[in-house]
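> Everything below, folded, please.
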Amino acid sequence: MTNLTDALVRGPRGRRMCLEYVARTDEAVRTAVFWVGHEQDPNPGVLLRFVGDASDRKQDPTYTDDAVAALIDGADLTEIRVDIVRDSLQRSVDLARYWQEPDGEDVVAALPVVRGALRRVAERLVAAIPELTATRGAVQWAVDWRPLNDAAPLESAPAAVLAEWTRAQREGEARAAREWPADPRANVSGTWWSVPQRLLTTRGSVLDALELVEDFLGWEIATVIPVRGAGETLEIRSPDDWAHLCRAYPMEVTASRRHDWFRVTGRDGRWLIPDWQRVSERWDAVHLTMVGYLSAATQLIDIDAEYGSVIGGWGPDSTIWLTDAAREWDQGREHGTRPKDDWRWTRLVLPGDQ
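I've put the predicted structure just below:
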């Protein structure tokens, strides 16, 4: 049985969620994390200061790693706000990056002394996220981000999608091996995803489908589609589960992923992802649990002494369908909308809706 507290502090996304929560609920922690994060960020932005004259200028505050950890240790976690937990989870997912170095606050959360302090936060947050270990449910939800007048049927030819994906991966890997430098530090970026992006992907709830989106692109209208699925589902609950899948169905992607994944992990070596076409011969679907995502995404997953992998481009509590075992359900589609300055979605009622 996975220790959920250990799982949260093990993964970058879990640690970032915990850091976001304690920073949002404690002003002293928020200030310290801001300044240390700016210092640690490999690509820091420019800080603008408005002062009357030189005499008004103040020195930027400085904090040691131990000071940040001490502030986290002293934060009041007596009452856990579920809404702030959700905000923190959403923020962590949105900031997942697979093509560049972790940002400064991800680096702060990974500092050994800070990571130790975040364990106390993780212990308290586990109870506030009951879906951490949920397996794939029978009722799922897919999202179409296109305008309402451009909605389309769900993907219904997974075998063809997988065949095309396999061909493209092999061609892309061969091309990258011919044309791209072997030095992982070279200024090259390419494909960083670990899963086929055109396959039907579903989530366990409407809100997760709309809100827990990596690298969110600012959509303001969405169509949410009910899906029912059956068949055999492989559950990815941990980095070890992903490593086992890569060992069982290996596809080498060293040449095409090495530059982006080096930036994310700092590892110079060979890389694998699952051969999803072969996986489809055994499984109808693969589900990345919430805790699987928080413990494994945006970090190096060791496969063996020679190979590593990264789970990239796959959100929490998300199922990819490898066969035609999932269908749109007749419950009816829903539409969501959100204001530009808020990530929260509300149901959009259209003429004819019940």
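> okay, CA-based contacts and neighbour counts for the rest of this
Fine.
> now the strands for the chain?
Using DSSP state E, the strands of the chain run over 139-144, 201-203, 221-229, 233-236, 250-252, 270-274, 285-288, 301-302, 307-309, 318-321, 326-328, 334-337, 346-347.
> mean confidence score for the longest helix anywhere in the chain?
For the chain, the helix with the greatest residue count under DSSP state H is helix 158-179. For helix 158-179, the mean per-residue pLDDT is 98.
> So which bits of it are buried?
Neighbour-count burial for helix 158-179, with 16 or more other CA atoms under 10 Å as criterion, is recorded at 158, 161-162, 165-166, 169, 172-173, 176.
> Quick one: list the elements packing against that helix.
When contacts are defined as 3 or more CA pairs under 8 Å, 6 or more residues apart in numbering; DSSP states H and E, helix 158-179 packs onto helix 254-265, helix 276-279.
> Would you mind listing the outside residues contacting it?
The set of residues that contact helix 158-179 without belonging to it, under CA atoms under 8 Å, 6 or more residues apart in numbering, is 196, 198-200, 253-256, 275-277, 321-324.
> Measure how that helix sits relative to helix 254-265, angle-wise.
90 degrees (axes from the mean of the first three to the mean of the last three CA atoms, to 10 degrees).
> In the contacts of helix 158-179, find the pair that's most separated.
Within the contacts of helix 158-179, two members stand farthest from each other by CA to CA: 255 and 324, at 31.7 Å.
> quick one, which of the two is more surrounded?
Neighbours around residue 255 and residue 324, counted as other CA atoms under 10 Å, are more numerous at residue 255. The numbers are 23 against 17.
> Can I get the helices and strands packed on helix 158-179 in TSV including mean pLDDT and distance to residue 337?
Formatted as TSV, the helices and strands packed on helix 158-179 follow (pLDDT from 0 to 100; distance: least, CA to CA, whole Å):
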stretch	mean pLDDT	distance to residue 337
helix 254-265	98	33
helix 276-279	99	34
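> can you list those in a markdown table and add distance to residue 140?
Shown next, in a markdown table, are the helices and strands packed on helix 158-179 (distance: least, CA to CA, whole Å):
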| stretch | distance to residue 140 |
| --- | --- |
| helix 254-265 | 31 |
| helix 276-279 | 21 |
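> Tell me which of those helices approaches residue 153 most closely.
Ranking these by their distance to residue 153 (criterion: CA to CA) puts helix 276-279 first, at 22.5 Å.
> Which of the helices and strands packed on helix 158-179 sits closest to residue 101?
Scanning the helices and strands packed on helix 158-179 with CA to CA as the criterion, the closest one proves to be helix 254-265, at 4.8 Å.
> Show me what that closest one is packed against.
When contacts are defined as 3+ CA pairs under 8 Å, 6+ apart, helix 254-265 packs onto helix 158-179, strand 270-274.
> Out of these, which is closest to residue 347?
Judging the helices and strands packed on helix 254-265 by CA to CA, what sits closest to residue 347 is helix 158-179, at 29.9 Å.
> how much distance is there from that closest one to the middle of the chain?
On the basis of CA atoms, centre = their mean, to the nearest Å, helix 158-179 sits 24 Å off its chain's mean C-alpha point.
> go on, stretch 114-125?
Between the centre of stretch 114-125 and the centre of its host chain there is 20 Å, according to CA atoms, centre = their mean.
> Many thanks, we can stop here.
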